[in-house]
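Novice: Dropping the sequence and predicted coords here.
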Amino acid sequence: TVEVNIEQLVSKKGTPTLKVNGLYLHSRYDVDLEAEKFVRENLKINRIHILFGNGLGYITKKFLESFSGNEKLIVIEPILEIKNKISNENLEYININGLSEEDIEKRLRNIIPTDKLVHFCCSPNYDKVCPQSFKFVLKMIKKYISVQFVDSNTINKMSNEWQRNYYFNLIHTCGGKTIE
């Protein structure tokens, strides 16, 4: 459980912004411009994007608007009081506050497809507001990517051998006796 002091303030442009434990989660000046810049720097085509921290959802909305169709966004929110107000078929939202590390790992394993590359990014200051949660999630994502890399390399390396083995076994299967 993360202890937080949340203040909702108004940016210079008049849009809401959040300050948590003395750190701004969004720009004090222009939250939309900040979100556009963040997405421009972090958007990867045909990837699963994992965003640590939702805040008021500015970055989440910009990601979803920028997707070309083959991307998906998983938002991991460590602060209980921050809720998701966005509904989209390309969005999975998990509030991890109060969940055990085992439950977090299970939830992520169930929603991250194994056939897609993953890009992890952290919303501004979330790594400072929730450092333990950030480190755990980052470690888990690195582990997932490492396993995914090993699996992919194994398939690439062994695919010819598997096909050859299948072919030779097929010859024996077709010529073998049936079990009655």
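Specialist: Good, I have the coordinates. Residues are numbered from 1 along each chain as shown.

Novice: Which strands or helices does the longest helix anywhere in the chain pack on?
Specialist: Longest among the helix segments of the chain by residue count, using DSSP state H, is helix 131-175. Contacts defined by 3 or more Cβ pairs under 8 Å, 6 or more residues apart in numbering; DSSP states H and E place helix 131-175 against strand 47-52, helix 101-111, strand 117-122. (C-beta placed from N, C-alpha, C; glycine too.)

Novice: The first one packs against which elements?
Specialist: Contact analysis of strand 47-52 by 3+ Cβ pairs under 8 Å, 6+ apart lists helix 58-66, strand 72-77, strand 117-122, helix 131-175 as its packing neighbours.

Novice: Show residues contacting the second one.
Specialist: What that stands for is strand 72-77. 48-54, 60, 63-64, 67, 84, 88, 90-97, 108, 111-113, 116, 137 (Cβ atoms under 8 Å, 6 or more residues apart in numbering).

Novice: Export that strand to PDB, keeping only CA atoms.
Specialist: This file holds the C-alpha atoms of strand 72-77, laid out as PDB (Å, rounded to 0.1, in the frame of the first residue of the first chain):
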ATOM      1  CA  LYS A  72      -2.400  -2.400 -27.100                       C
ATOM      2  CA  LEU A  73      -1.900  -0.400 -23.900                       C
ATOM      3  CA  ILE A  74      -1.700  -1.900 -20.500                       C
ATOM      4  CA  VAL A  75      -1.800   0.800 -17.700                       C
ATOM      5  CA  ILE A  76      -0.500  -0.200 -14.300                       C
ATOM      6  CA  GLU A  77      -1.600   2.200 -11.600                       C
END
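
Novice: Within the sheet, what are the partner strands of that strand, with directions?
Specialist: Taking DSSP bridges as the criterion, strand 72-77 forms sheet pairs with strand 47-52 (parallel), strand 91-95 (parallel).

Novice: Mean neighbour count, these: which tops it?
Specialist: strand 47-52 (a mean of 22; mean count of other Cβ atoms under 10 Å).

Novice: what residues does that strand touch?
Specialist: 42-43, 59-60, 63, 71-76, 78, 112-113, 116-123, 126-127, 134, 137-138, 141.
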